[in-house]
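J.: sequence? don't have it. structure:
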């Protein structure tokens, strides 16, 4: 996320609704960010065996991986919406670049940490959740690398496309919890079960990121068609 705005870009103004949505998203995500920061830091410094199944005193490498994943996830969730706020990006490009590098680094840590944890301990939801979360981690790593690579090479169009994909994945952990919160409010937990074995649980393993990535791809294709006219 190293875009340097052009003079033309500096003259553009983002629609108010887009800015408002990003600000609302950030405000709604802050409690999740705080929880992930606090719990991630605690997991790296204390024995949480009595508090969560994620911690296993006999597997320090898995503990380090999952709680580093949490800390990095909190970082990228908080920073990603800021990167899409046009006035901030255009007025302070150096801050945009620094935050972009932090998001890339955080995404790599979150992705690698999650994959290491899955490899060492597996997920509570079994093989399907392993595959769903594993794919999420792999895509997070891919998008982070591609965003940085195209930005450094000065390919701004490709950089923006990959940065948008990375944004969707960066807020994925928050969206996962939003989906569950809304579902429980609407249905009182219909089709959910212990061990994430319910029908809704199994859909959620992929639904917190794949549909959003698909929407991004549709939007990018639409934008390319408009630009080609």
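T.: That came in fine, so what should we check first? Every value quoted in this text rests on a predicted model; they were computed, and no experiment measured them.
J.: for the residue nearest to residue 121 when sequence neighbours are not counted, what are its contacts?
T.: Spatial nearest neighbour of residue 121, chain neighbours left out: residue 62 (4.8 Å); criterion: Cβ to Cβ, 6 or more residues apart in numbering. For every residue, glycine as well, the C-beta is placed using N, CA and C. Residue 62 is in contact with 56, 116, 117, 120, 121, counting by Cβ atoms under 8 Å, 6 or more residues apart in numbering.
J.: how about these, which pair is most distant?
T.: Largest separation among those by Cβ to Cβ: 56 and 116, giving 13.4 Å.
J.: can you list contacts of stretch 208-219?
T.: Residues outside stretch 208-219 that contact it (Cβ under 8 Å, 6+ apart) are 136, 139, 164, 165, 168, 169, 172, 173, 175, 176, 179.
J.: for PyMOL, write the selection for the buried entries among the residues you listed.
T.: The following PyMOL line selects those of those that are buried, judged by 16 or more other Cβ atoms under 10 Å:
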select buried, resi 136+139+164+165+168+169+172+173+175+176
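J.: which one of the contacts of stretch 208-219 is nearest to residue 52?
T.: Nearest to residue 52 out of these is residue 173 (Cβ to Cβ; 15.6 Å).
J.: got a pLDDT number for that closest one?
T.: Model confidence at residue 173, given as pLDDT, is 95.
J.: what about residue 13, helix or strand, and which?
T.: With elements taken from DSSP states H and E, nothing contains residue 13; it lies in neither a helix nor a strand.
J.: mind listing what it touches?
T.: Contacts of residue 13 (Cβ under 8 Å, 6+ apart): residue 86.
J.: now the helix or strand containing residue 33: mean pLDDT?
T.: Residue 33 is part of helix 16-45 when elements are defined by DSSP H and E. Here helix 16-45 scores 93 as its mean pLDDT.
J.: could you say what helices and strands that helix packs with?
T.: Packing partners of helix 16-45 (3 or more Cβ pairs under 8 Å, 6 or more residues apart in numbering; DSSP states H and E): helix 60-83, helix 172-187.
J.: got the angle between the helix or strand containing residue 225 and helix 172-187?
T.: Element membership of residue 225, judged by DSSP H and E, is helix 210-228. Comparing the axes of helix 210-228 and helix 172-187 via axes from the mean of the first three to the mean of the last three Cα atoms, to 10 degrees yields an angle of 120 degrees.
J.: next, the buried residues of helix 210-228.
T.: Neighbour-count burial for helix 210-228, counted by 16+ other Cβ under 10 Å, picks out 210, 212, 213, 216.
J.: between the residues you listed, which is closest to residue 23?
T.: residue 212 (19.0 Å).
J.: ok, that closest one to residue 176 distance?
T.: Look at residue 212 and residue 176: by Cβ to Cβ, to the nearest Å, they are 11 Å apart.
J.: now do residue 41
T.: Distance, residue 41 to residue 176, using Cβ to Cβ: 21 Å.
J.: residue 169 too?
T.: Distance from residue 169 to residue 176, by Cβ to Cβ: 11 Å.
J.: what's the answer for residue 217, then?
T.: Using Cβ to Cβ, residue 217 is found at 20 Å from residue 176.
J.: nice, that's everything, thank you.
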